[in-house]
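> below is the sequence, then the predicted model.
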Amino acid sequence: MVHETWSNRAMFILAAVGSAVGLGNIWRFPYLAGENGGGAFVLVYLACVLGIGLPVLIAELIIGRRGRCSAVASARSVARESGASGGWAIVGWLGILAAVLILSYYSVIGGWLVAYVPITATGTFTGADAAAVSARFGAFLADPWVMTGAHAVFMAITVGLVAQGVRKGIEAAVRVLMPALFLLLVLLVVFAMVEGAFGEALAFLFVPDFSAITFGVVIEAIGQAFFSLSIGMGAMITYGAYLDRDTSIPASALTVAGADTLVAILAGLAIFPIVFAAGLDPSGGPGLLFQSLPFAFGQMPFGALVGTLFFLFSLFAALTSSIALLEIVVSWAEEHRGWPRAQATLIVGAISFVLGLATVLSFNRLSGFAPLGFLPGLEGKTIFDLLDLLTNNIMLPVGGILIALLAGWVMKQSVIAEEYGAGVLRGPWYLMLRYVAPVAIGLVLVFAFIA
Ligand code: PFF
């Protein structure tokens, strides 16, 4: 089945950036940096984006444009085209499983944004001190019903947008919202620069303590690079399938990775000056965004308005990512099961919603429940922690290795050359893809989990 293509090239870039920029940049990157030693993590992260993420991103787009189908069928068809086994479809299967699991908790955290729009708009944080801001977040986490409602709203919007199809849904959502979020982030960084502990934040984020770099930190950084760039699970294969022939794949990949990294760094620069000025714990975990920025909104002029817009724009950024997650699964269900689009989106959305309830409960009723706590290293890990670990630190890196092998070793070099185009740096890229990416990911996986 040949898909409709993007209405024009700029829309493809916007949609790919829209899928990359999301909770990963604004919520996950800052709290992982805070938990993993600041500068050490940021440095390793940047190296992973450049040395592993970018090569794999290019490979995914190539597989997608060559295969012109869902991730499963594209992986199968490019392998067969080069005389290899159709079993490479496993790349797609793994991606579909990862997408359903990630969407389940992505929607829950997206729901936090949904809830924080009205909470901020009603002036809750105006003049509030850091303790009050944290207490408000604690109260929000403690109530599974409100969180489930917000999760339902987020999932319903995602389903609605995907059900409408590629152009109308995705393109419209991205066109206005990406630039708006970017401008708002710049504004917040300026505020943090003037009012927050900016020097301390800069030192924390950019002066690496090399002794803090462990295999654990490196696997977190690899996982975050994959999550943030939306790779390792076939999302970019799926988007690449809609890409026209004369768009340069390496140039597109560079734009996506550049914009994605810029937004993550901006989020860090907005959040950490506030963390230090308010005396918050940088290693506070998933609540960091929701405990730091609302404090800043409480102190700045027009803070309720600025804060409301921030959560609203972040919500839009999260939605342009969640639609990509859902699209991976829906494009497969349409193609292989022959389900009508509306039905496919509803069913997949419903499954992910139900799975998401485990994440909702991980923050309240089941916060003390560690299902695999008897295993070394997994003590105290909630269901959400385990899902996060399984998807980001295991499934996406393994998917990345498979994609690198498929494009680097299985597909014919002539096909690769044709899809990569006349762009510069094909030689170095190919070396990174064939040797550096799979070996580096493989070694880190082994040392982080087995050694
Ligand atoms: N890249 C998104 C983020 O950083 O929030 C998450 C994501 C979206 C991952 C879509 C994978 C995907 F297919």
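Structure received.

> residue contacts, the residue in the stretch 1-150 of the chain that the ligand sits nearest to?
Residue nearest to the ligand within the stretch 1-150 of the chain (CB to the nearest ligand atom): Gly24, separated by 2.1 Å. (C-beta placed from N, C-alpha, C; glycine too.) For Gly24, the contacting residues are 224, 227-228, 264, 321, by CB atoms under 8 Å, 6 or more residues apart in numbering.

> what of Ala150?
Ala150 neighbours (CB under 8 Å, 6+ apart): 111-112, 114-115.

> which of the contacts of Gly24 fall in helices?
Of those, the ones assigned to helices by DSSP state H are 224, 227-228, 264, 321.

> gap between Thr320 and the ligand?
To the ligand, Thr320 is 9 Å away according to CB to the nearest ligand atom, to the nearest Å.

> please name the nearest non-neighbouring residue to that residue.
Counting by CB to CB, 6 or more residues apart in numbering, Thr320 lies nearest to Gly18, which is 3.3 Å off, once chain neighbours are set aside.

> number of residues surrounding that neighbour?
28 (other CB atoms under 10 Å).

> isn't it right next to Glu171, touching?
No. Gly18 lies out of contact with Glu171 (CB atoms under 8 Å); the separation is 9.0 Å.

> Val194: how many residues sit nearby?
A total of 10 residues lie near Val194 under the criterion other CB under 10 Å.

> just Leu50 next, same as before
Neighbours of Leu50 using other CB under 10 Å come to 14.

> not counting sequence-adjacent ones, nearest residue to it?
Nearest one to Leu50, counting by CB to CB, 6+ apart, is Ala257 at 7.9 Å.

> tell me the buried residues in the helix or strand the one you found falls within?
Taking DSSP states H and E as the definition, Ala257 sits inside helix 249-277. Buried positions in helix 249-277, judged by neighbour count with 16 or more other CB atoms under 10 Å: 249-250, 252-257, 259-261, 263-277.

> repeat that for stretch 116-133.
116-117, 119-120, 123-125, 128, 130, 133.

> now do stretch 55-72
Here stretch 55-72 shows 55-72 as buried, counting by 16+ other CB under 10 Å.

> distance from the chain centre to it, please.
18 Å (CA atoms, centre = their mean, to the nearest Å).

> same check, this time on stretch 262-275
16 Å.

> give the rounded mean pLDDT of that stretch.
Averaged over stretch 262-275, pLDDT sits at 96.

> is there proximity between it and the ligand?
No. On the criterion CB under 6 Å from any ligand atom, stretch 262-275 is out of touch with the ligand, staying 8.3 Å away.

> so what's Leu103 up against?
Contacts of Leu103 (CB under 8 Å, 6+ apart): 158, 322, 325-326, 329, 352, 356.

> let's see that with 10 Å instead.
110, 155, 158, 321-326, 328-329, 348-349, 351-353, 355-356 (CB atoms under 10 Å, 6 or more residues apart in numbering).

> from those residues, which would you call buried?
Using 16+ other CB under 10 Å, the buried ones in these are 110, 155, 158, 321-326, 328-329, 348-349, 352-353, 355-356.

> residues near the residue nearest to Gly442 when sequence neighbours are not counted, how many?
Excluding its sequence neighbours, the residue lying closest to Gly442 (CB to CB, 6+ apart) is Ile401, at 6.0 Å. Neighbours of Ile401 under the rule other CB under 10 Å: 20.

> could you check how far Ile401 is from Leu372?
Going from Ile401 to Leu372 by CB to CB, to the nearest Å gives 24 Å.

> check what pLDDT Ala241 gets.
For Ala241, the model assigns a pLDDT of 88.

> surely it touches Val72?
No. The criterion here is CB atoms under 10 Å, and Ala241 misses it with Val72 at 11.3 Å.

> from the ones in helices among the contacts of Gly24, which single one is nearest Phe206?
Ala264 (13.2 Å; CB to CB).

> for that closest one, what are its contacts?
20-21, 24-26, 28-30, 32-33, 42, 45-46, 49, 224, 228.

> go again with 6 Å.
Contact analysis of Ala264 by CB atoms under 6 Å, 6 or more residues apart in numbering lists 25, 29.

> same question, Val44
218, 221.

> C-alpha coordinates for the strand or helix carrying it, PDB please?
Per DSSP H and E, Val44 falls inside helix 39-48. C-alpha atoms of helix 39-48 as PDB (Å, rounded to 0.1, in the frame of the first residue of the first chain):
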ATOM      1  CA  GLY A  39      27.200  18.100  32.900                       C
ATOM      2  CA  ALA A  40      28.400  14.500  32.700                       C
ATOM      3  CA  PHE A  41      25.000  13.400  31.400                       C
ATOM      4  CA  VAL A  42      24.700  16.400  29.000                       C
ATOM      5  CA  LEU A  43      28.100  15.800  27.500                       C
ATOM      6  CA  VAL A  44      27.500  12.000  27.000                       C
ATOM      7  CA  TYR A  45      24.000  12.800  25.700                       C
ATOM      8  CA  LEU A  46      25.300  15.200  23.000                       C
ATOM      9  CA  ALA A  47      27.900  12.600  22.000                       C
ATOM     10  CA  CYS A  48      25.100  10.000  21.700                       C
END
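
> remind me which residues of the stretch 151-300 of the chain are low pLDDT?
The model of the stretch 151-300 of the chain has pLDDT under 70 over residues 166-170, 172-173.

> residue of it nearest the ligand, please.
For the stretch 151-300 of the chain, CB to the nearest ligand atom, closest residue to the ligand: Ala235, 2.9 Å.

> find the nearest non-adjacent residue to that residue, please.
Nearest non-adjacent residue to Ala235, counting by CB to CB, 6+ apart: Ala324, 5.0 Å away.

> got it, and Gly287?
Phe137 (5.5 Å).

> how about the contacts made by that neighbour?
287, 290-291.

> how near is the residue nearest to Ala235 to Lys412?
Ala324 is 29 Å from Lys412, by CB to CB.
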